[in-house]
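**Student:** Next come a sequence and a model predicted from it.
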Amino acid sequence: MGFLPFAVAVWLFVIGLWGVVSSRNLVRTVLCLTVVQSSTYLVLLGVGYRTGAMAPIVADIPSTSKLVDPIVQVLVLTDVVIEATITALLLALVVQAHKRFGSIDPEDLRPLRD
């Protein structure tokens, strides 16, 4: 598979990080954080991929077959669940900030620092 998934992962990370840094909207910031998180999926899948390997379902294939690493697939699934939970939590915080302060612009939340 080579270098491509890692290059795409770096690209996604940079684009997401740029969105987080330059965003003037908390919802867009949360969405950019999910883009950053999705770059980790590509890194994990790029690490666990083997050329010509089969899925790690060993019930119906010969025992001498090459298999893709199932641990990496489990880590990606765990990463997806964690990302969904964190995204839901952050969006709930954005809704509460909008209810309390009437805005989702981070600059309008600056008085909270004082």
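**Tutor:** It's in. Numbers count the residues shown, from 1 in each chain.
**Student:** mind checking which helix or strand the most centrally placed residue in the chain is in?
**Tutor:** Using CA atoms, centre = their mean, the residue of the chain that lies closest to the mean C-alpha position is Gln37, 2.0 Å off. In this assignment (DSSP states H and E), Gln37 forms part of helix 26-48.
**Student:** For that helix, give the mean pLDDT please.
**Tutor:** Averaging the model's pLDDT scores along helix 26-48 yields 91.
**Student:** buried sites along the following helix or strand past it?
**Tutor:** Toward the C-terminal end, the helix or strand that comes next after helix 26-48 (DSSP H and E) is helix 70-101. By neighbour count, and taking 16 or more other CB atoms under 10 Å as the criterion, the buried residues in helix 70-101 are Val72, Leu75, Val76, Asp79, Glu83, Leu90, Val94, Ala97. Bear in mind the C-beta positions are built from the backbone N, C-alpha and C, glycine included.
**Student:** in this protein, which ranges drop under the pLDDT threshold?
**Tutor:** Counting by pLDDT under 70, the chain has low-confidence residues at 1, 111-114.
**Student:** Can I get the helix holding Gln37 as CSV, trimmed to CA atoms?
**Tutor:** As requested, C-alpha coordinates have been extracted for helix 26-48 and formatted as CSV (Å, rounded to 0.1, in the frame of the first residue of the first chain):
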residue,chain,number,x,y,z
LEU,A,26,-17.9,26.4,17.5
VAL,A,27,-19.8,23.9,15.4
ARG,A,28,-17.3,24.2,12.6
THR,A,29,-14.5,23.8,15.2
VAL,A,30,-16.1,20.5,16.3
LEU,A,31,-16.4,19.3,12.7
CYS,A,32,-12.8,20.1,12.1
LEU,A,33,-11.8,18.2,15.1
THR,A,34,-13.6,15.1,13.6
VAL,A,35,-11.6,15.6,10.5
VAL,A,36,-8.4,15.6,12.6
GLN,A,37,-9.7,12.4,14.3
SER,A,38,-10.4,10.7,11.0
SER,A,39,-6.7,11.1,10.1
THR,A,40,-6.0,8.6,12.9
TYR,A,41,-8.2,6.0,11.2
LEU,A,42,-6.0,6.2,8.1
VAL,A,43,-2.8,5.9,10.1
LEU,A,44,-4.0,2.9,12.0
LEU,A,45,-5.3,1.2,8.9
GLY,A,46,-2.1,2.0,7.0
VAL,A,47,-0.1,0.4,9.8
GLY,A,48,-2.2,-2.8,9.9
